[in-house]
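**Student:** What follows is a predicted protein model with its sequence.
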Amino acid sequence: MFKIISANSIRKGFSALVVVTLTTLLSFTAHAADPIKIGAVAPKTGPLAGGAAVTQWPNIELWVKEVNARGGLKLKDGQRMLELIEYDDKTNPGEHIKAVQRLATQDKVDFIVAPYGTGFNIAAAPIYAKYGYPQIAVSAISDKMDELTARYPSLFFTLGTTTAFVNGVKDILAGMRDSGKIGNKIAMVNVADAFGIELAEAARPIFKDAGFDIVYDKSYPLGTPDLSPVVKGAKAAAPDAFVAWSYPPDTFGLTEQAIIEDLQVGAYYTAVATCFPAFGQKFGSKIDGVFGAGGVNPDTEEMQAYFKRHKEMTGKDADYWASANTYVSLQILEQAIEGVGDVDREAVTQYIKDNSFDTIMGEIKFDNQISHKFWTVGQWQDGVFRGVASSNMDGVAEIKEKSGWN
Amino acid sequence: MDILISGLLLGGTYVLIALGLNLQYGVARIMNLANGEMLVLGALASFWMFVSSAVSPLLTLILVIPLAFIGNWLIYRLLLIPLVRRARHQGQLEVDSILATFGMSFVLVGIMVALHGEYFTYSFLARPITILQSTVALNRLVAFGFAVLIGALLVLWLNYSRAGMAVRAVAVDPASARLVGINVEKISALAFAVGGSVAAVAGVLISTFITLDASVGVIFTMKALIIIIMGGVGDVRGAIVAALILGLVETLVATLIDPGLTLASAYLIFLLVLLFKPQGLFGRAQT
Amino acid sequence: MKSADIRALVTAVVCIVLAALVPFVFNGYWLSIALTAMMYIALSTSWALFSGPTHYISLASGAFFGVGGYLVATGMSDYNQSFWLMMFVAAIAATVLAGLIGLATLRLSGVYFVIFTLGLAEMIRNLVSWVQNNFLGSRGLYVLTDFTEAHIYWMLLTVASAVFIFGWLVERSRLGFALKIIGNDETVARHVGINTAWTKVVLFMSTGFFAALVGAIIAPRYSYIEPNLVFSPELSFLVVIMALLGGTHRLWGPLLGVIPFTLIWEAISIWIPNFTTLFLGIAFLTIVYFVPNGFVGLLEKTRGSRGVKAGS
């Protein structure tokens, strides 16, 4: 793993050098061959870096490589290659804002890939709006989308709302209860940070209205080293379903403890990172039937080709959720630029609002800057994390019954 | 019973986290803000060996201990000795070592991010085992065993060996130690290197049950600082007792009151200890 | 003395006026760098007012900053209060908090004080998250205002100027004199009849007050507040590091730490985006080894070697 990656980064550095030299050479020969500058700011260090290294960075790399491999984007005045300028925001909003300002005013990039993380997308939105960059946010889930899109006319959302996520889980659980597979007792835990608190807060009334009884409802701090008391407490409440609004490190930690405690529930759900390939690798067949946030339909030709290319070009596996959405956001950007035939940002933003896009997740279009096509719940089934609940997606898989932790 | 056992296991984890820094700060007088990164480096080595060649973390230990020892010894000889020599008083060394090790922590994070930017997660001995009717994870139990072993070895070494005696003398008073013919620089380097190895070993063991990434080192540094200060600077027994208290308190609060308050309660205990014993549990009165 | 005072005052006024003009001259990127620097100037200078003379290194800046940002966010997002009111509330709350901490830590010294403040900041961070989770139950803390970067910059400049004026007054007062004696020898200070407790607590409260103001002003810039991001231990460390890098025995010392630090930081972030952290660390080590007494020390040494006595 080590070797592949370091060799990769050396190669990346080298190929960047080649691209730079080539482009400087070319710029003397033909003006039309100036590359289109694409900026990207996301964490490479800090608390969110682990997630961005799976979901965000590889897709940017993949997209740029693919476009350049086929000779660049087709514009009115000929094909133009992409040149990527990337900065590390160190998971710090102040750093992030500064880097985006730099992209806009110093590097004068043509387009910017939207940030990673809800807070960062919202913090950066005023700058994107100020300079007119279309911001196709992926890793951002909020219940204030209407207000935010009204405020920032070039901001687009693609991954769904907090309420939609909770409703996805509620529908799955209600379906299982109504068919007699589980009772109506839910144990719910959440990480005491923005995203976890928001989801838990939204879930309490939704679960209650659906007739569920929340028998255990606790939070735990970010970075809790030992989650066994949480799982023991949940187990003692004898729930039929376990729902955790969790972040990557605790998604792994809770599941490991659930296996050790042999937490027997009809439905087990952890939120972010359940869809990571590392999750499947770590637990193998034990987590068959586990629910998590996100999902994909891995059976379509487009998705299979995407997974294959992702692995080939970046040396890593795509995750089974937002990886695809991230790639889709870049496809939308690409199609809009080619549709306009120019790097006119205002026209591209308008194009995104007015058109529909053919992506690896099917046709996507925006309704008041919000796409209503996304996965909400996925389930590990025979080594693949399949979407089992969604908003307007095709190919929703049947739920599989969980049979213990083997 | 559950609480007692889980609490002790967590306490054992904290012992591992704190012992290394305890030696480095208590003896070598280096407030090493890069200690957590050393721990994470151990975790990364273990993860990498396990995922790429299916090497058991316990075997990785054999490799990690000498490497970390040599690495930390070199860090002390090459980077920290100049600071020790130019410091006119303890206060200045403290400031300089904070600045320098803060820089080192950045360097180490940078290297680790370049090596593996994703989460270090794998499954090793993640099996339930029942002791006294309480279910615990085997990997945590193994880590606890090592914590006991390392703690015992350190206490024996410090109390019953010549080198250990010298280390303690330096911890108490470097100036007097020099007067009785102890090579303070050499002993400090030794303590620093042993401390670094302990941190790396802790990382290897902890990575079997906690998911880490390249940037989390600072969390472990902070926890270690809290523990050694609570125990009293330079006192191995103090650190062990403080670590076990924190483990028990956290588990107690998580089980009986609310898991949301675990860390808050641990810090509260720490604050209370300092309010009533300003030099920590086993601290000597000194300035 | 008098003329030196006047010269210092004039220099200060000129600097402030020049700083206030930055948003008209620079835009976008350079303004955001200036803003970051201004934030750390205010934080590090006010930190050094307390920690410089007393040698008590506090790692609680992050906690006060967090109180500022968090209170503004909850007030505006969940209770529909105005930004200005919440900024005021936050500053008062942090001052009271700092007062309590100051009283609680009177018996602590050296490293015990350092780590106490760190532990305290972490406890506050966890408590706030817990309270929000269980009692306030928020759907995300949004701070949506019409402030531009320039507005935020000017507010920070105001705070930074206030810190300098406050520091200048303190240096000239009985309080400042008392602080210096405490820094040299606390026992002596007590013997000559200085109320050491009161002196320390008051200064520490001022640190809390200013840090909370800065946190409150930064909140609209972040727009979306996550408790774990505003209560950042990293911020506490950076404030200390920058102040130490400059030098803490002069009022303008931290300023000399913050500016090069921000610029080096920025330069590295741009040149080596893939290995920023690694090279930041290396740059940092270089400074520590080759600029042993901070930038103030460097400046005074060069001035001294030119035969000009450093004015005091």
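**Tutor:** Nice, thanks for sending it over.
**Student:** Find the centremost residue of the chain, please.
**Tutor:** No chain specified, so I'll use chain A. Nearest residue to the geometric centre of chain A (C-alpha atoms, centre = their mean): A:Ala322, 2.7 Å.
**Student:** I was after chain C.
**Tutor:** Taking C-alpha atoms, centre = their mean, the centroid of chain C lies closest to C:Leu43, which sits 1.2 Å from it.
**Student:** what's near enough to touch it?
**Tutor:** By C-beta atoms under 8 Å, 6 or more residues apart in numbering or on different chains, the residues touching C:Leu43 are C:Ser61, C:Phe65, C:Phe210, C:Ala211, C:Val214, C:Leu235, C:Val239. C-beta: built from backbone N, CA, C; applies to glycine.
**Student:** How far does the helix or strand it falls within sit from its chain's centre?
**Tutor:** Secondary structure from DSSP states H and E places C:Leu43 in helix C:28-54. Put simply, helix C:28-54 sits 5 Å off its chain's centre (C-alpha atoms, centre = their mean, to the nearest Å).
**Student:** Equivalent analysis for stretch B:61-81, please.
**Tutor:** For stretch B:61-81, the distance to the chain centre is 15 Å (C-alpha atoms, centre = their mean).
**Student:** close to chain A, is that stretch?
**Tutor:** No: counting by C-beta under 8 Å from any C-beta of the partner chain, chain A has no neighbours in stretch B:61-81; the shortest distance is 14.3 Å.
**Student:** The residue nearest to the centre of chain A and chain B: what is the separation?
**Tutor:** Separation of A:Ala322 from chain B (C-beta to the nearest C-beta, to the nearest Å): 14 Å.
**Student:** same thing with A:Ala104?
**Tutor:** A:Ala104 sits 26 Å away from chain B, going by C-beta to the nearest C-beta.
**Student:** next one: C:Trp198
**Tutor:** Distance, C:Trp198 to chain B, using C-beta to the nearest C-beta: 19 Å.
**Student:** Which of the three states applies to that residue?
**Tutor:** helix (DSSP: H, G, I helix; E, B strand; the rest coil).
**Student:** Give me the number of neighbouring residues for it.
**Tutor:** 12 (other C-beta atoms under 10 Å in any protein chain shown).
**Student:** next one: the one 10 residues further on
**Tutor:** Other residues within reach of C:Gly208 by the criterion other C-beta under 10 Å amount to 30.
**Student:** and the residue of the stretch 51-200 of chain B found nearest chain C, helix, strand or coil?
**Tutor:** At 2.5 Å from chain C, B:Gly110 is the closest residue in the stretch 51-200 of chain B, using C-beta to the nearest C-beta. What three-state DSSP gives for B:Gly110 is helix.
**Student:** now the helices for chain A?
**Tutor:** Using DSSP state H, the helices of chain A run over A:2-29, A:49-55, A:57-69, A:93-105, A:118-131, A:145-151, A:162-178, A:194-209, A:228-236, A:248-261, A:277-283, A:301-314, A:322-340, A:345-354.
**Student:** cool, and chain B?
**Tutor:** Counting by DSSP H, the segments of chain B that form helices are B:2-26, B:35-53, B:57-74, B:81-86, B:90-115, B:138-160, B:162-172, B:174-179, B:184-206, B:217-231, B:236-256, B:262-276.
**Student:** Going by neighbour count, list what's buried in the fourth one.
**Tutor:** By neighbour count, and taking 16 or more other C-beta atoms under 10 Å in any protein chain shown as the criterion, the buried residues in helix B:81-86 are B:Leu83, B:Val84.
**Student:** how far is it from where the chain is centred?
**Tutor:** Counting by C-alpha atoms, centre = their mean, helix B:81-86 comes out at 24 Å from the chain centroid.
**Student:** and what of the third one?
**Tutor:** Here helix B:57-74 is found 15 Å from its chain centre; the criterion is C-alpha atoms, centre = their mean.
**Student:** ok, back up a step: what's the closest of the helices of chain A to B:Val241?
**Tutor:** When the helices of chain A are compared by C-beta to C-beta, helix A:228-236 sits nearest B:Val241, at 21.7 Å.
**Student:** Report the mean per-residue pLDDT for the closest one.
**Tutor:** Model confidence over helix A:228-236 averages 92 on the pLDDT scale.
**Student:** Local confidence estimate at A:Ser6?
**Tutor:** Predicted confidence (pLDDT) for A:Ser6: 41.
**Student:** neighbours of the residue nearest to the residue nearest to the centre of chain A when sequence neighbours are not counted, just the number please.
**Tutor:** Counting by C-beta to C-beta, 6 or more residues apart in numbering or on different chains, A:Thr55 is the residue found nearest to A:Ala322 once chain neighbours are left out, at 4.8 Å. Neighbourhood size, A:Thr55 [other C-beta under 10 Å]: 27.
**Student:** for the one 3 residues further on, same thing?
**Tutor:** A:Pro58 sits with 24 neighbouring residues when counted by other C-beta under 10 Å.
**Student:** Now do the residue nearest to it when sequence neighbours are not counted against C:Leu278, distance only.
**Tutor:** Nearest residue to A:Pro58, sequence neighbours excluded (C-beta to C-beta, 6+ apart): A:Thr314, at 4.1 Å. Separation of A:Thr314 from C:Leu278 (C-beta to C-beta, to the nearest Å): 22 Å.
**Student:** closest point of the stretch 51-200 of chain C to chain B, which residue?
**Tutor:** The stretch 51-200 of chain C approaches chain B most closely through C:Met123 (3.5 Å), counting by C-beta to the nearest C-beta.
**Student:** Next up, the contacts around that residue.
**Tutor:** Contact partners of C:Met123, counting by C-beta under 8 Å, 6+ apart, are B:Leu263, B:Ala264, B:Tyr267, B:Leu268, B:Leu271.
**Student:** How about C:Leu85?
**Tutor:** C:Gly75 are the contacts of C:Leu85 under C-beta under 8 Å, 6+ apart.
**Student:** May I see the buried residues of whatever helix or strand it lives in?
**Tutor:** Secondary structure from DSSP H and E places C:Leu85 in helix C:83-104. Using 16+ other C-beta under 10 Å as the test for burial, helix C:83-104 gives C:83, C:86-87, C:89-91, C:93-95, C:97-99, C:101-102.
**Student:** okay, these in JSON lines with pLDDT and distance to chain B next?
**Tutor:** Shown next, in JSON lines, are those (pLDDT from 0 to 100; distance: C-beta to the nearest C-beta, whole Å):
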{"residue": "C:Phe83", "pLDDT": "91", "distance to chain B": "29"}
{"residue": "C:Met86", "pLDDT": "92", "distance to chain B": "24"}
{"residue": "C:Met87", "pLDDT": "93", "distance to chain B": "26"}
{"residue": "C:Val89", "pLDDT": "94", "distance to chain B": "23"}
{"residue": "C:Ala90", "pLDDT": "93", "distance to chain B": "21"}
{"residue": "C:Ala91", "pLDDT": "94", "distance to chain B": "24"}
{"residue": "C:Ala93", "pLDDT": "94", "distance to chain B": "18"}
{"residue": "C:Ala94", "pLDDT": "94", "distance to chain B": "18"}
{"residue": "C:Thr95", "pLDDT": "94", "distance to chain B": "20"}
{"residue": "C:Leu97", "pLDDT": "93", "distance to chain B": "13"}
{"residue": "C:Ala98", "pLDDT": "93", "distance to chain B": "15"}
{"residue": "C:Gly99", "pLDDT": "93", "distance to chain B": "16"}
{"residue": "C:Ile101", "pLDDT": "89", "distance to chain B": "10"}
{"residue": "C:Gly102", "pLDDT": "89", "distance to chain B": "13"}
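**Student:** Understood, closing this out.
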